[in-house]
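>>> sharing a sequence plus its predicted fold:
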Amino acid sequence: MSDPVFQIKIARDLSQSKVADVAGLAKALLGAMDEQNALTVSYIQQHYASFPKDGPTTMDGLRAISGRLRQSYRASDATITSNGVTSDIGSNVVYAAIQEFGGQTKAHDIVARNGKALAIGFGAAGAKVFTAQDFSAKLHGTRGNMRALKTSLFIQENGIVFRHSVHHPGSDIPARQPIQRGIEDRLPEYNAALSEVIDQFFQN
């Protein structure tokens with residue numbers, strides 16, 4: 001899978017123009033690109049990676065569950081190449097790619113770690129994994145009837161099912177594209193910023 005490439009074309013005829021300070025132009029273009037990238041990362045975090053964690057999933061972006069993915073978005077330093085000024089925006093979080101491009105997760109088992117069992121609710125909020133403290137409180141809350149815990153545990157009380165492990169069949173993850181959508185939204189700002197730099201350094 002190749003990463004998407006966005007091209008910014010400056011609407012200005014430079015064929016008959018002369019630059020007075022090539023080094024200064026290069027430095028200014030790099031600075032403008034880095035500044036716009038920082039603004040784009042902030043824009044992505046705010047508009048496409050900050051939906052409420054207790055809200056419904058949405059194709060408009062990502063819910064902020066732990067904040068790890070949202071805070072991981074970074075831009076590389078802009079560089080000058082034979083094709084112009086180039087840079088990248090991405091993430092080093094392993095599951096960022098599947099959220100960006102979509103895909104299928106593998107089937108796997110979810111095993112209790114912090115407690116002796118998983119508590120799965122089938123109410124309006126859907127499935128939920130409880131901590132050890134939540135689990136203990138839930139058991140004590142069933143009219144004082146504390147149940148013995150076993151590896152093959154199965155307790156059903158008031159719509160709550162407790163198991164030591166659960167098999168997850170895998171999921172189809174849609175491509176929500178927070179990075180691509182954020183860049184596309186801000187392409188006009190990139191164009192304006194780079195055009196302003198060029199206008200300052202080129203003279204007829």
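Cool, the structure landed.

>>> buried stuff in the helix or strand hosting G182?
If you go by DSSP states H and E, G182 is part of helix 178-201. When neighbours are counted by 16 or more other CB atoms under 10 Å, the buried residues of helix 178-201 are found to be 178-183, 186, 190, 193-195, 197-198, 201. (Glycine included, C-beta is placed from N, CA and C.)

>>> what's the answer for stretch 73-81, then?
For stretch 73-81, the buried set under the neighbour-count rule, 16+ other CB under 10 Å, comprises 73, 75, 78.

>>> just the ones in strands from these, please.
A75 (DSSP state E).

>>> which neighbouring elements make contact with the helix holding G182?
helix 22-48, strand 89-90, helix 96-101 (3 or more CB pairs under 8 Å, 6 or more residues apart in numbering; DSSP states H and E).

>>> which residues are in contact with T57?
If you count contacts by CB atoms under 8 Å, 6 or more residues apart in numbering, T57 has them with R63.

>>> show the backbone phi and psi for it.
For T57, the backbone dihedrals (degrees, to the nearest 10) come out as phi -60, psi 150.

>>> mind checking how far it is from Q46?
Distance of T57 to Q46, given as CB to CB, to the nearest Å: 19 Å.

>>> also L62?
Computed with CB to CB, the distance linking L62 and Q46 is 12 Å.

>>> more neighbours, these two?
With neighbours defined as other CB atoms under 10 Å, L62 and Q46 compare such that L62 has more, 21 against 12.

>>> now the more buried one: closest residue in space, sequence neighbours ignored.
Closest residue to L62 in three dimensions, ignoring its sequence neighbours and counting by CB to CB, 6 or more residues apart in numbering: A49, at 4.8 Å.

>>> mind checking pLDDT for that neighbour?
Each residue has a pLDDT score; the one for A49 is 96.

>>> ok, now which ones touch it?
A49 makes contacts with 61-62, 64, 69-70, 73, 178, as judged by CB under 8 Å, 6+ apart.

>>> got phi/psi on it?
For A49, the backbone dihedrals (degrees, to the nearest 10) come out as phi -140, psi 30.

>>> relative to R181, how far out is it?
11 Å.

>>> got it, and I173?
If you measure I173 against R181 using CB to CB, the figure is 16 Å.

>>> below-threshold pLDDT in this structure: ranges please.
By pLDDT under 70, the low-scoring segments of the chain are 1-2, 11-17, 108-170, 203-204.
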